[in-house]
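1. pasting the sequence and the predicted model now:
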Amino acid sequence: MVRGKAKADAQAKKQAKTEKLKKGGSQLEHRVAKASCPVCKASMANANDLKTHFESKHPKLPLPEECA
(Lines give C-alpha, C1' and ligand atoms only; values in the text may rest on other atoms or scores of the structure.)
Protein backbone atom coordinates (compact mmCIF):
# COMPACT_ATOMS: atom_id res chain seq x y z
CA MET A 1 0.00 0.00 0.00
CA VAL A 2 1.03 3.58 -0.59
CA ARG A 3 1.25 5.73 2.56
CA GLY A 4 1.69 9.34 3.51
CA LYS A 5 2.80 11.86 0.90
CA ALA A 6 3.04 9.21 -1.81
CA LYS A 7 -0.66 8.38 -1.32
CA ALA A 8 -1.64 12.04 -1.61
CA ASP A 9 0.53 12.41 -4.72
CA ALA A 10 -1.03 9.33 -6.31
CA GLN A 11 -4.54 10.61 -5.59
CA ALA A 12 -3.76 14.04 -7.03
CA LYS A 13 -2.26 12.46 -10.15
CA LYS A 14 -5.30 10.25 -10.63
CA GLN A 15 -7.68 13.18 -10.15
CA ALA A 16 -5.77 15.29 -12.68
CA LYS A 17 -5.91 12.44 -15.18
CA THR A 18 -9.68 11.99 -14.77
CA GLU A 19 -10.25 15.75 -15.08
CA LYS A 20 -8.27 15.78 -18.32
CA LEU A 21 -10.35 12.92 -19.73
CA LYS A 22 -13.61 14.61 -18.73
CA LYS A 23 -12.55 17.91 -20.25
CA GLY A 24 -11.22 16.43 -23.48
CA GLY A 25 -14.08 14.03 -24.05
CA SER A 26 -13.64 10.54 -25.38
CA GLN A 27 -10.26 9.40 -26.62
CA LEU A 28 -11.99 7.63 -29.49
CA GLU A 29 -13.77 10.69 -30.96
CA HIS A 30 -11.17 11.08 -33.70
CA ARG A 31 -11.72 7.48 -34.81
CA VAL A 32 -15.43 7.84 -35.53
CA ALA A 33 -16.26 6.76 -39.06
CA LYS A 34 -17.47 9.54 -41.34
CA ALA A 35 -18.83 7.30 -44.10
CA SER A 36 -20.10 3.74 -44.37
CA CYS A 37 -20.66 1.45 -47.31
CA PRO A 38 -24.40 1.10 -48.03
CA VAL A 39 -23.90 -2.47 -49.30
CA CYS A 40 -21.69 -4.17 -46.70
CA LYS A 41 -21.88 -1.53 -43.92
CA ALA A 42 -18.08 -1.24 -43.66
CA SER A 43 -16.92 1.97 -41.94
CA MET A 44 -14.60 4.38 -43.75
CA ALA A 45 -12.72 7.43 -42.53
CA ASN A 46 -13.82 9.66 -45.42
CA ALA A 47 -15.67 9.69 -48.75
CA ASN A 48 -12.50 9.11 -50.77
CA ASP A 49 -11.81 5.85 -48.89
CA LEU A 50 -15.44 4.86 -49.42
CA LYS A 51 -15.10 5.45 -53.17
CA THR A 52 -11.93 3.33 -53.32
CA HIS A 53 -13.60 0.58 -51.28
CA PHE A 54 -16.72 0.63 -53.42
CA GLU A 55 -14.77 0.45 -56.68
CA SER A 56 -12.70 -2.52 -55.48
CA LYS A 57 -15.29 -4.53 -53.51
CA HIS A 58 -18.49 -3.78 -55.41
CA PRO A 59 -17.42 -3.09 -59.03
CA LYS A 60 -20.69 -4.19 -60.65
CA LEU A 61 -22.87 -1.87 -58.57
CA PRO A 62 -23.35 1.83 -59.40
CA LEU A 63 -21.47 4.32 -57.23
CA PRO A 64 -23.64 5.80 -54.43
CA GLU A 65 -24.20 9.55 -54.08
CA GLU A 66 -21.85 9.81 -51.09
CA CYS A 67 -18.90 8.78 -53.26
CA ALA A 68 -19.59 11.07 -56.20
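-> That came through fine. As the structure is a prediction and not an experimental result, all values here were calculated from the model.
2. enumerate every residue touching the closest residue to Ala47 other than its chain neighbours.
-> Of all residues not flanking Ala47 in the chain, Ala35 sits nearest, at 5.3 Å (C-beta to C-beta, 6 or more residues apart in numbering). For glycine as for every other residue, the C-beta is placed from the backbone atoms N, C-alpha and C. Applying C-beta atoms under 8 Å, 6 or more residues apart in numbering, we find Ala35 in contact with 43-47, 49-50, 66.
3. partner residues bridging Ala35?
-> Met44 (DSSP bridges).
4. how many neighbours does Phe54 have?
-> Using other C-beta atoms under 10 Å, Phe54 is surrounded by 22 other residues.
5. is it in a helix, a strand, or coil?
-> helix (DSSP: H, G, I helix; E, B strand; the rest coil).
6. from Lys7, how far out is it?
-> Separation of Phe54 from Lys7 (C-beta to C-beta, to the nearest Å): 56 Å.
7. cool, and Ser56?
-> 56 Å.
8. do the same with Val39
-> 56 Å.
9. try Ala42
-> 48 Å.
10. neighbour count for the two, which is higher?
-> More neighbours surround Ala42 than the other of Ala42 and Lys7, with 15 against 11 (other C-beta under 10 Å).
11. surely that one touches Phe54?
-> No - in this structure Ala42 lies outside contact range of Phe54 using C-beta atoms under 8 Å: 9.6 Å.
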